[in-house]
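Trainee: test case, fold it:
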Amino acid sequence: MNRKKDDEESQGNEKSQDVDEEIKALEQSDEDVEEEYTDEEKDRLKRRFLLRRFWQSAAGFWKAGSLISWVLCGALLIIILLSLATSYGMNVWNRAIFDALEKKDSASVFFLSLIYFPLLAASVLLMVLQVYTRMTTQRRWRAWLSNHLIERWLANGRYYQLNLVSGDHQNPEYRIADDTRIATEAPVDFVTGVTWAVLSAATFIVVLWTIGGALTVNLAGFSLTIPGFLVVAAVLYAVVASGSMVIIGRRFVAVSERKNQSEAEYRYPLTRLRENGESIALIHGEEEERSGVNKALAAVLRNWRNICIQAMRTTIVSQTSSYIAPILPVILCAPKYLDGSMTLGQVMQAASAFTIVQAAFNWLVDNYPRLADWTASAHRVASLERSLDALERAESGEGVPRIEHDKGKVAALRLRNLSVTLDDGTAVVKDAEVEICPGEKVLVVGESGTGKSTLVRAIAGLWPWGEGDIEVQKNAKLFLLPQRPYVPIGTLRRAATYPDAAESRSREEIAEAFKKVGLGHLADRLEEEGPWDQTLSGGEKQRLAFARIFLQRPDIVVLDESTSALDPPSQDHLMKLLYKELEQTTVISVGHRPELEAFHTRKIVLERRRGGAKLVSDVYLFPKPGRARLLHRWLRRRPRKARKQSGN
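Mentor: Reported below is the predicted structural model:
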C-alpha cells in the first residue's frame, strides 16, 4: 500500500515538475521576446499556465485510486438526467393544464392537478439528492486537496522556508483554508451547471422548434419566413446577453484576485497583533499597529469598491435578462396565438421552454462573477504549489546547489567544505570545515549577522541552499532549541512533551523535569489548558525548552541563543544541569555571553568576510587531557566560591 502511494506521489511530482517547467519557460521567453508580448498578454499567458498547474494537482483526487470520487460523479450525472426528465414533464404538464383551462375541461384539469403532486415530489427529491451528491463531492475533494497541500507545506520545514524565499506565496494559511475551499466548490458547481445547461438547452430547443414552427413576416409587401423562429430568437438573445456580460465583466478576474490577496493581507496584521499582544502592550505600540491595520483595511475597502463597481455592471445585464426572458416568447408567439395557429397551452409551453433555454444559454451571465472568483483562488493555490515545487527542487538539488546530509560513523557532527547561501545564491557562510566528537560541548560565537543562526538551520536540515556536506552520526537523535521556544495550544503537559504526544511521558517524569529547571510552581497545572504561549514569560519558555531536553534525552543538542532571556545565575544553573544530566550528549551552542565559555570545551569563531562568513578560530577551552573531569570539578567548586565570597 505504501509502495503504491509512493509511486503515485512520484508520478505526481514528475507531472508537477513538467507543468512548472513550462511556466518557467514562459517566464524565460518573456525575457527573450520583450518586444513581442505586451504586459497584458504576458499576464494572460501566465494565468493560463497557473490554471494548468492547479488542475494538474487538483485532478489527483480522481487519480488517487479512490472509487468514491468516480461513484459520486456518476451518481451526479444520473441525477441530472432524471432531473431533466422531470423538468420536461413539468413543461408538458404546463401545456396540458393551460389547454384544459382554455377548453374549460374540468375533468382534465382535475386529473392534471393530481398528477402534479407526484411530479413535484419527484422533482424536489431529485434536487435534494443532487445537493447532497454535489456537496459531498465538494467536501471530499476539498479534504483531499487540503491534505495534499498541508502535507507538502509541512514536509521538511517548507512552511518555515517559505518565509525565507521570494515568490507569490504570501499568507499560505489563507490559501490552504479559504482559496482551497473556493477552488474546489466552484468547479463542481460549474460542471453541474454546464451539464444541466447543455442537456436542457438541447432538449428544449427541440421543444421550441417543434412548437413554434416557422414564422412568416409581411413587411411592405415582402414576405419573410423564419423557420424555428423561437430557436433563432433564443440564440440571438443569448449571444447578446452573454456577449454583454463578457465585455462588461472582463476585469472581474483581476479585481477578484486583488480582493482575495488584500483580505489575506488584512488578516495577517490582526493575527500578528494577537500573537504578540504582550510585547505590543508593554511598549504601548497600539497607535503604530492601528496605523498598519488601517492601511491594510483601506486596501481591502478599495478592492471591495472595485468589486462593487464590477458587480453593478454585471447586475445590469443579469437583471435585465431576468425580466426580458419570460416576456419575450409570449410577445413572439402572440401573432400565432391570435390567428389561431397556436393554443394557449402551446404558448405557455413555449414560454416555459424559452425560459429554460435562456437559463442554459445565460449560464455564463449568471455565473461569471463566481467564475472570476474561482479563477483568482485557483491562481493563488497554484502559486503556492509553484513555490513548494521550487523548494522541492532545492531539496533534490535539481537546478540549484544543495547542502547534502549524510550519516556519519565516528564524529557526532561533521561539516565538510560547507557553504551556506541564500536562495538567490548570496553566500552567508563560506567553506566551513568542522568535526565535533561525541560528548563535546562546542560554543559558536561571532558578531550579529555572521550567519550563526543560518548555520544552525542548515545543521537541522531546514536550510537546503548551499554546497558541501553535513554528516550527523548514524542513529543519533538531534534536538534543536531556538531562541523563542514554541508553545503549542493545549495543556501544559502537551507543551512539555512537544513534539511528542502528551501521553508519551508520565506526570511524575514531567513534574521532576519541571523542578530541575525551576518550573516546580507549575507542576500541579500540567493538565490545565490555557493560553500558555501568552502566560509564560520569555525566561519560563526557555526553562520549558530545557525541560524538553531532559525528557527527550537526545544525542545531539543545538542551542540557538537558548538562554538569552535568563539572568546569569539561572543560565549557569541550567547549563550546569545540562552538563551533569547529559554528560555524554554533544552540545552545540550559539551565544554571545562570555559566561557561556565556562560550560563548553571548545569555541568556534565566525567572522564576517566579503563573500561569506568564515571560521577564523577553533580552540579548545580546556586543552589538557581530562578536561571534562576538570570542568566537572570546576562546576562543583564554583557555588562554594560564590558562597565564600558572599560570606566575606
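Trainee: quick one: the helices in the stretch 1-150 of the chain?
Mentor: 2-32, 39-58, 60-63, 67-103, 106-154 (DSSP state H, counting those that start in this stretch).
Trainee: can I get those helices in CSV including mean pLDDT and distance to Arg525?
Mentor: From N, CA and C alone the C-beta is placed, and that goes for glycine too. Output for the helices of the stretch 1-150 of the chain, formatted as CSV (pLDDT from 0 to 100; distance: least, Cβ to Cβ, whole Å):
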stretch, mean pLDDT, distance to Arg525
helix 2-32, 49, 41
helix 39-58, 78, 44
helix 60-63, 86, 44
helix 67-103, 89, 45
helix 106-154, 91, 30
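Trainee: just put those helices in a markdown table and tack on distance to Ser166 and mean neighbour count.
Mentor: What follows is these, written out as a markdown table (distance: least, Cβ to Cβ, whole Å; neighbours: other Cβ atoms under 10 Å):
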| stretch | distance to Ser166 | mean neighbour count |
| --- | --- | --- |
| helix 2-32 | 13 | 13 |
| helix 39-58 | 16 | 16 |
| helix 60-63 | 27 | 16 |
| helix 67-103 | 36 | 16 |
| helix 106-154 | 17 | 15 |
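Trainee: count residues in the vicinity of the closest residue to Leu332 other than its chain neighbours, would you?
Mentor: In this structure, Leu332 finds its nearest non-sequential neighbour in Ala233, 5.8 Å apart by Cβ to Cβ, 6 or more residues apart in numbering. If you count neighbours by other Cβ atoms under 10 Å, Ala233 ends up with 21.
Trainee: Arg142 reaches Pro187, doesn't it?
Mentor: No. Between Arg142 and Pro187 there is no contact under Cβ atoms under 8 Å: 10.8 Å.
Trainee: let me know the secondary structure of the residue nearest to Leu332.
Mentor: helix (DSSP: H, G, I helix; E, B strand; the rest coil).
Trainee: and the lengthiest helix in the chain, how far from the chain's centre?
Mentor: Criterion DSSP state H: the longest helix present in the chain is helix 286-338. Chain-centre distance of helix 286-338: 29 Å, with Cα atoms, centre = their mean, to the nearest Å.
Trainee: what packs against that helix?
Mentor: Other helices and strands packing on helix 286-338, by 3 or more Cβ pairs under 8 Å, 6 or more residues apart in numbering; DSSP states H and E, are helix 180-212, strand 215-219, helix 229-248, helix 252-275, helix 344-361, helix 363-396.
Trainee: so of the ones you listed, which one's packed in deepest?
Mentor: helix 344-361 (a mean of 23; mean count of other Cβ atoms under 10 Å).
Trainee: where among the helices and strands packed on helix 286-338 is the average confidence lowest?
Mentor: Ranked on mean pLDDT, the bottom entry among the helices and strands packed on helix 286-338 is strand 215-219, at a mean of 70.
Trainee: and that one, what other elements does it pack with?
Mentor: Using 3+ Cβ pairs under 8 Å, 6+ apart, strand 215-219 is in contact with strand 222-226, helix 286-338.
Trainee: CA atoms only: put that strand into PDB for me.
Mentor: Extracted as PDB, the C-alpha positions of strand 215-219 are listed here (Å, rounded to 0.1, in the frame of the first residue of the first chain):
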ATOM      1  CA  LEU A 215     -43.000  32.500 -38.600                       C
ATOM      2  CA  THR A 216     -43.900  34.500 -41.700                       C
ATOM      3  CA  VAL A 217     -43.400  38.200 -41.500                       C
ATOM      4  CA  ASN A 218     -45.000  40.500 -44.100                       C
ATOM      5  CA  LEU A 219     -43.300  43.900 -44.500                       C
END
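Trainee: coming back round to it: the helices and strands packed on strand 215-219 into TSV, with extra columns for distance to Phe599 and mean neighbour count?
Mentor: Formatted as TSV, the helices and strands packed on strand 215-219 follow (distance: least, Cβ to Cβ, whole Å; neighbours: other Cβ under 10 Å):
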stretch	distance to Phe599	mean neighbour count
strand 222-226	97	10
helix 286-338	39	15
